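Undergrad: just a sequence and a predicted model for now, questions to come.
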Amino acid sequence: TLAEKGWKYWHRILPGDRIQGTGIGEFITRAVKAKKVFVIHDNQDYSKGIADFVTAALKSGGAATETDVIDPQGSDYASTVNKVKPYAPDAIFYGGYYAQAGRLLKQLREGGVTARFLSGDGSLDAGLAKGAGGSNADGAIVGCPCLVDPTGEANEKSKKFVEAYQAKFKIPPAIYAAEGYDSANAFIEAIKTGATDGEKINTALSAVDIAGVTKQIKFGPNGEPAGGDIFVYLFKGQAYSLLGRAAEATVS
């Protein structure tokens, strides 16, 4: 709801949770081909918000859903596992962060639940696999409105960015590094117009339209990004790899 506050100074590169949740939900029905999905969240604003958007997309795609809430401060999710198992879902979506996602996934697997596990950008971290106990995370899929492209395969701009980033910092780009770079370039583009104070830069940002590393950098009248993809990532061990755009990616 950030774009609905009526703020004078408001532009962002990343789409909101509505776009992310809808993209992940549609991926679950299209690519995972799930007919029954158990949705879990921890009732925080981010977690419940993205879970609600995923659920709406799942229902639009014809999938049946069940929902449960966990305590983000808790460590024993047995009651949730005991609800998931008899439901026998094709997939599980968790709205929340990687620390809880890892513990939840570990307990689901130990409880005999083998359904595909998915989550949103709050879980795109090696800590998900670590918390799940390593191989328990194999096959988990996380959606994110971010392009994490350590091999530079997504496009030529991404390839150059990855090479330059690794040369400078000696590590692969992390989550949202490329979006941070695109954000900086949006400001630079605004300043190139001659805008040198906050108000003029803010006005100039509204007219920016340049090819970025992650997407075409352009803003709508409300400061929201005019476009942008949701990407999906596949975990194996404690690493994850880019599957592609959620609207196009496939999974076996």
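TA: All right, it came through fine.
Undergrad: tell me which stretches of the stretch 151-252 of the chain form helices.
TA: 156-169, 177-192, 198-205 (DSSP state H, counting those that start in this stretch).
Undergrad: now mean pLDDT too, for those helices, in a markdown table please.
TA: Shown next, in a markdown table, are these (pLDDT from 0 to 100):
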| stretch | mean pLDDT |
| --- | --- |
| helix 156-169 | 96 |
| helix 177-192 | 97 |
| helix 198-205 | 96 |
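Undergrad: which of these sits most buried?
TA: helix 177-192 (a mean of 18; mean count of other Cβ atoms under 10 Å). For glycine as for every other residue, the C-beta is placed from the backbone atoms N, C-alpha and C.
Undergrad: closest to N43 out of the helices of the stretch 151-252 of the chain?
TA: helix 177-192 (27.2 Å; Cβ to Cβ).
Undergrad: who are the packing partners of the closest one?
TA: Counting contacts by 3 or more Cβ pairs under 8 Å, 6 or more residues apart in numbering; DSSP states H and E, helix 177-192 packs against helix 156-169, helix 198-205, strand 209-211, strand 216-218.
Undergrad: my guess is L205 contacts F219, does it?
TA: Yes: between L205 and F219 there is a contact at 6.6 Å, judged by Cβ atoms under 8 Å.
Undergrad: circling back to that earlier point, kindly reformat the helices and strands packed on helix 177-192 as a markdown table and extend each row with distance to A34.
TA: Conversion of these to a markdown table gives the following (distance: least, Cβ to Cβ, whole Å):
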| stretch | distance to A34 |
| --- | --- |
| helix 156-169 | 30 |
| helix 198-205 | 40 |
| strand 209-211 | 35 |
| strand 216-218 | 31 |
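Undergrad: residues near A51, how many?
TA: 28 (other Cβ atoms under 10 Å).
Undergrad: confirm that T65 sits in a strand.
TA: Yes: T65 forms part of a strand when assessed by DSSP: H, G, I helix; E, B strand; the rest coil.
Undergrad: please name the bridge partners of it.
TA: Applying DSSP bridges to T65 gives these bridge partners: V37.
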